[in-house]
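Student: Provide a 3D model corresponding to the input given below.
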Amino acid sequence: MPRIPHTSPQTLRLFAALLADPTRRRYGYDLSRETGLASGTLYPILMRLTRQRLLDADWEASTEPGRPPRHTYRLTAEGAALARERLAAARPPRRAAGPALATGAGA
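Tutor: Purely as a prediction, here's the structure:
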């Protein structure tokens, strides 16, 4: 059975980090630190999601002379909706709260 796109544990960790503040632009380095994903895992995911228009990527010029511009990322509206959907589907179902069943000899 083929895997549903955008459900790898790594992509879900990235989605959760980006959904914490979906309008904020994030640096890849900060996302790597927050998610624990190595750059060799994180950046291919970021590039794939950007190509699929689920992420908005932009260049931010540095305020420090000699420092190169950096990419920033944030979810698009479609990306945020998909991220919420995938994270909700990945959560284990909640058990209904009900009265505790008595067990044992005293019940």
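
Student: any weak-confidence spans in the chain?
Tutor: 1-4, 93-107 (pLDDT under 70).

Student: secondary structure class for the spatially most central residue of the chain?
Tutor: By C-alpha atoms, centre = their mean, the chain has its centre lying nearest to residue 15, at 1.2 Å. Here residue 15 is recorded as helix under DSSP: H, G, I helix; E, B strand; the rest coil.

Student: May I have the residues that are in contact with the closest residue to residue 80 other than its chain neighbours?
Tutor: Sequence neighbours aside, residue 22 is the residue nearest to residue 80 in space, at 4.9 Å (criterion: C-beta to C-beta, 6 or more residues apart in numbering). Glycine gets a C-beta too; all of them are placed from N, C-alpha and C. By C-beta atoms under 8 Å, 6 or more residues apart in numbering, the contact list for residue 22 reads 74-75, 80.

Student: any idea how far residue 70 is from residue 64?
Tutor: Applying C-beta to C-beta, to the nearest Å, the value for residue 64 to residue 70 is 11 Å.

Student: whoops, residue 62 was the one
Tutor: Counting by C-beta to C-beta, the gap from residue 62 to residue 70 is 7 Å.

Student: Name the member of the contacts of residue 22 that has the highest neighbour count.
Tutor: The residue in the contacts of residue 22 with the most neighbours, by other C-beta atoms under 10 Å, is residue 75 (24 neighbours).

Student: host element of residue 80?
Tutor: Using DSSP states H and E, residue 80 sits within helix 77-90.

Student: what does that helix rub up against?
Tutor: Taking C-beta under 8 Å, 6+ apart as the rule, helix 77-90 contacts 4, 6-7, 11-12, 15-16, 18-19, 22, 49, 53-56, 75.
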